[in-house]
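Undergrad: quick check, what structure comes out for this input:
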Amino acid sequence: MSLREAFRFRLTTMGIVMIPVAVGINFVGKEIANALNLPMWLDSIGTILSAVVAGPWIGAISGAVNNVFFGLTMDGGMSILYGITSIAIALVAGILGHLGWFRSLPKAILAGILVALTAAIVSTPLNVALWGGQTGKVLGDAIFAGMMAKHMGIWLSSFVDEGVMDVIDKVINCFVVYLIVLGLPKRFLQSFQPSSTTIRQ
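TA: Just a heads-up that it's a prediction; the model follows:
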């Protein structure tokens, strides 16, 4: 199937079911990261998974719904503004899923890096506008403070802050998705037809 075919919008029953499942997975991941004070968010596993198994548009819807849900229930609406990041993550993951990258561990790791780069590019302007360039994660913000102390500029400092945290987060997210996809029965994947063909055997 061509990339053009992969990006055709189809809302199947299984795709609809996948949306709340993805949001639930993201919620659990975020809660685990917060509870353990991990240097990552773990809130994109469901978004990436839905994009890989059900296509980029289902992933994008899952990501957008996820951020609206988080915004309304957890952080006073701030997550809603980052919905564009989740949509971008889903589109990139959907393309890479179509190309079969989540059937190979090295490619899944590389997918995590590409998704991280995408997230950092989209999120950095929001971080600068909303948080003075910081991410709220200790490791990343320490890097940000060090770069700012060396007068490297808020945009570069913020991008590196976000980028470092995203590489850690998204590589782990994509690794988890790789393990899930590897364990899913072929018949289950076929239930997402024609979107499920984004995962090549």
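Undergrad: any idea how far residue 12 is from the residue nearest the centre of the chain?
TA: Note on the chain: the residue nearest the mean C-alpha position is residue 44, at 3.9 Å, using C-alpha atoms, centre = their mean. Here residue 44 is placed at a distance of 22 Å from residue 12 (C-beta to C-beta, to the nearest Å). Any C-beta I mention is one placed from the backbone N, CA and C, and that applies to glycine too.
Undergrad: lowest-confidence helix or strand of the chain?
TA: Across the helices and strands of the chain, mean confidence by mean pLDDT, DSSP states H and E is lowest for helix 3-6: a mean of 68.
Undergrad: which parts of the strand or helix carrying residue 130 are buried?
TA: Here residue 130 sits within helix 105-131, counting by DSSP states H and E. By neighbour count on 16 or more other C-beta atoms under 10 Å, the buried set for helix 105-131 is 107-108, 111-112, 114-120, 122-124, 126-128.
Undergrad: what helices and strands are in contact with that helix?
TA: Under the contact definition 3 or more C-beta pairs under 8 Å, 6 or more residues apart in numbering; DSSP states H and E, helix 105-131 sits against helix 78-81, helix 83-98, helix 154-183.
Undergrad: mind redoing it with 6 Å?
TA: Other helices and strands packing on helix 105-131, by 3 or more C-beta pairs under 6 Å, 6 or more residues apart in numbering; DSSP states H and E, are helix 83-98, helix 154-183.
Undergrad: out of those helices, which is the most enclosed?
TA: helix 83-98 (a mean of 24; mean count of other C-beta atoms under 10 Å).
Undergrad: so for that helix, what's the average pLDDT?
TA: For helix 83-98, the mean pLDDT works out to 96.
Undergrad: just give me how far that helix sits from the chain centre.
TA: Computed by C-alpha atoms, centre = their mean, to the nearest Å, the chain-centroid distance of helix 83-98 equals 7 Å.
Undergrad: which residues are contacting that helix?
TA: Under the contact criterion C-beta atoms under 6 Å, 6 or more residues apart in numbering, helix 83-98 has outside partners 6, 44, 47-48, 51-52, 55-56, 59-60, 63-64, 66-67, 111, 115, 118-119, 122-123, 198-199.
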